[in-house]
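In: what would the 3D arrangement of this be:
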Amino acid sequence: MSKGWRWAVLLLPLLAFIVLVGFLLRGLFSDPTELSSALVGKPVPQFSVPDLYQPEQQHTQAILQGQPMLLNVWATWCPTCRAEHAYLNKLAAEGVAIVGLNYKDDSRDKAVNWLNTLGDPYTVNLFDANGSVALEFGVYGAPETFLIDAQGQIRYRHVGDVNERVWRGELGERYRSLMQEFNATAEGTDS
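Out: Residues are numbered from 1 along each chain as shown. As a prediction, the model looks like this:
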C-alpha cells in the first residue's frame with residue numbers, strides 16, 4: 001500500500017466523525033417546536049368528523065372559515081395538553097376563537113368529562129377518535145396548534161403547549177395581525 005493511500009485510510013474515519021459531530025450539533029441547537037409544515041399557506045385539508053358533544057352532528061373543514069382562529073389538537077392522555085389548558089381558557093375569555101380537535105382519545109365520555117372539569121375554551125369540539133384528521137394536518141402528537149385565517153388557510157403551526165411566552169411571541173403576534181386584516185376587510189365591506 002502506498003503512503004498516500006494509508007493517509008487517506010487514516011483520514012476517512014476522522015472526516016466521518018467531523019460530519020457526524022456537525023450533524024448532531026445542528027440538531028442540538030435547533031428548536032423542536034419549529035417543525036415546518038407543508039400545509040402552511042394552503043387551505044385546511046378536507047375532513048368530516050363528529051362533534052365531541054353531539055356525535056350525530058358532523059363538521060367539515062368549513063368550520064375553520066369565517067374568522068381567524070386557532071385549531072388546537074389535544075387529548076386527555078396528554079400531560080402537556082393539561083398544562084396548556086388553563087391558558088387556552090384565558091385566551092378564550094379574551095375573545096380568541098379556538099376550535100378543539102380531540103385526538104385519539106379512546107373515550108368520548110372521558111374527553112367530555114375533562115372539559116367539564118377543566119373548562120371548555122373551544123367554540124367547537126371535533127372528535128378525531130382514530131387520528132385521521134390530525135394525520136391530514138401532519139400532526140406528530142398533542143398538543144399542536146394551527147393558526148388559520150378567515151379563508152380557511154393555515155398560516156402558522158406551533159408544536160407544544162400554548163403558554164404566555166408562546167402567545168406573547170410569534171403566535172399571538174400573528175393572530176393579532178390576522179385579526180387586524182380581518183377587521184379592516186370587514187370595515188371595507190360595510191362601507
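In: which positions within the helix or strand in which Leu91 is found qualify as buried?
Out: Using DSSP states H and E, Leu91 sits in helix 79-93. Residues of helix 79-93 classed as buried by neighbour count (16 or more other Cβ atoms under 10 Å): Cys81, Arg82, Glu84, His85, Tyr87, Leu88, Asn89, Leu91, Ala92. Using the backbone N, CA and C atoms, a C-beta is placed for each residue, glycine as well.
In: again with stretch 97-105
Out: Going by 16+ other Cβ under 10 Å, stretch 97-105 has these buried residues: Ala97, Ile98, Val99, Gly100, Leu101, Asn102, Tyr103, Lys104, Asp105.
In: surely the fifth one forms part of a helix?
Out: No. With the criterion set as DSSP: H, G, I helix; E, B strand; the rest coil, the secondary structure at Leu101 is strand rather than a helix.
In: list the residues that contact it.
Out: Applying Cβ atoms under 8 Å, 6 or more residues apart in numbering to Leu101 gives the contacts Leu71, Asn72, Val73, Trp74, Leu126, Asp128, Val133, Ala134.
In: isn't Ala150 up against Ala97?
Out: No. In this structure Ala150 lies outside contact range of Ala97 using Cβ atoms under 8 Å: 10.2 Å.
In: ok, back up a step: restricted to strands, list the contacts of Leu101.
Out: Leu71, Asn72, Val73, Trp74, Leu126, Asp128 (DSSP state E).
In: looking at those residues, which is nearest Ala111?
Out: Of all the ones in strands among the contacts of Leu101, Ala111 sits closest to Trp74, with 8.7 Å by Cβ to Cβ.
In: isn't that closest one right next to Val99, touching?
Out: No. Assessed by Cβ under 8 Å, Trp74 is found out of contact with Val99, at 10.8 Å.
In: for Val73, give me its contacts.
Out: By Cβ under 8 Å, 6+ apart, Val73 lies in contact with Leu101, Tyr103, Ala134, Phe137, Val139, Ala142, Pro143, Glu144, Thr145, Phe146.
In: before I go, just wanted to say thanks for your time.
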